[in-house]
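Chemist: okay, predicted coordinates and the sequence, questions at the end:
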Amino acid sequence: GQQVMQIPQYQHVQEGEDFTTYCNSSTTLSNIQWYKQRPGGHPVFLIQLVKSGEVKKQKRLTFQFGEAKKNSSLHITATQTTDVGTYFCAGLTSNDYKLSFGAGTTVTVRA
Amino acid sequence: DAGVTQSPTHLIKTRGQHVTLRCSPISGHKSVSWYQQVLGQGPQFIFQYYEKEERGRGNFPDRFSARQFPNYSSELNVNALLLGDSALYLCASTLDLNTEAFFGQGTRLTVV
């Protein structure tokens, strides 16, 4: 079945630094979504990418969808303490509607 | 406009018992999905319902079942509970089958 993998599992970042988290799917995706989950909270939708090679920005967050629609990345610039949480990518394939989540990248920030 | 609501928020059950979890989607959303999230892992897909029909099923045993009602609310039922069923159960509603998911706060199930 479809598998979605994320690296790294943990990201310890100095406040103000940049970092990138990566997502890879074993199958071609129709779209990929990113979610953020704060400790003790529930996943909150960030963005959806649909087109091959698509790039979207939300303030300090930049999301990319690979040309082959099998990988994606989230890049955060000038990390702030509000960025703490776990970031999940989740992929959908065109033949079913099972949103498959990666294991997430848990981000901690050193002030 | 209310978001996705789930009940109960916390639940403690004994092995072998059954449990029913409830979810009310965002008004206007026709699809509800259920996920199991074990600590330290991503949500695992259990079921998706759209217009009261099952449209997707994850790799969970037959002890897990669900249904969607005419008002689009949904129930997740788990029979013969095992210790390993202890997890956060999340409900998500979507406007359509492939749009962004809005999650409820979840039900924290502990099986002892």
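Modeler: Received it, and whenever you're ready, just let me know what you need. Numbers count the residues shown, from 1 in each chain, chains lettered A, B, ... in the order given.

Chemist: so for stretch B:82-93, mean pLDDT?
Modeler: In this model, stretch B:82-93 carries a mean pLDDT of 98.

Chemist: again, but for stretch A:53-72
Modeler: Rounded mean pLDDT across stretch A:53-72 is 97.

Chemist: what's the closest non-adjacent residue to residue B:96?
Modeler: residue B:31 (6.6 Å; C-beta to C-beta, 6 or more residues apart in numbering or on different chains). Placement of C-beta: from N, CA and C, glycine included.

Chemist: any idea how far residue A:90 is from the residue in chain B that chain A sits nearest to?
Modeler: Nearest residue of chain B to chain A: residue B:42, at 3.5 Å (C-beta to the nearest C-beta). As for residue B:42, its distance to residue A:90 is 8 Å (criterion: C-beta to C-beta, to the nearest Å).

Chemist: likewise for residue A:34?
Modeler: Distance, residue A:34 to residue A:90, using C-beta to C-beta: 8 Å.

Chemist: ok, residue B:28 next?
Modeler: 22 Å.

Chemist: those two: who's more crowded?
Modeler: Using other C-beta atoms under 10 Å in any protein chain shown as the criterion, residue B:28 and residue A:90 rank with residue A:90 on top: 28 against 9.

Chemist: please save the CA atoms from whichever strand or helix holds that one in CSV.
Modeler: For residue A:90, the host element (DSSP states H and E) is strand A:85-92. Output of strand A:85-92 as CSV, limited to C-alpha atoms (Å, rounded to 0.1, in the frame of the first residue of the first chain):
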residue,chain,number,x,y,z
GLY,A,85,4.9,21.5,16.9
THR,A,86,4.8,18.5,14.7
TYR,A,87,4.5,19.0,11.0
PHE,A,88,2.8,16.2,9.0
CYS,A,89,2.5,15.7,5.3
ALA,A,90,-0.4,13.7,4.0
GLY,A,91,-0.9,12.4,0.5
LEU,A,92,-3.9,11.4,-1.6
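
Chemist: that one near chain B at all?
Modeler: Yes. Using C-beta under 8 Å from any C-beta of the partner chain, strand A:85-92 reaches chain B at A:88, A:90, A:92.

Chemist: summarise which helices and strands the helix or strand just after that strand is packed against.
Modeler: With elements assigned by DSSP H and E, the helix or strand that comes after strand A:85-92 is strand A:100-101. Packing partners of strand A:100-101 (3 or more C-beta pairs under 8 Å, 6 or more residues apart in numbering or on different chains; DSSP states H and E): strand A:85-92, strand B:44-50.

Chemist: for those strands, which one ends up most surrounded?
Modeler: The highest mean neighbour count among the helices and strands packed on strand A:100-101, using mean count of other C-beta atoms under 10 Å in any protein chain shown, belongs to strand A:85-92: a mean of 25.

Chemist: partner residues bridging residue B:35?
Modeler: On the basis of DSSP bridges, residue B:35 is bridged to residue B:45, residue B:90.

Chemist: between residue B:42 and residue A:90, which contacts overlap?
Modeler: Common contacts of residue B:42 and residue A:90, defined by C-beta atoms under 8 Å, 6 or more residues apart in numbering or on different chains, comprise A:101, A:102.
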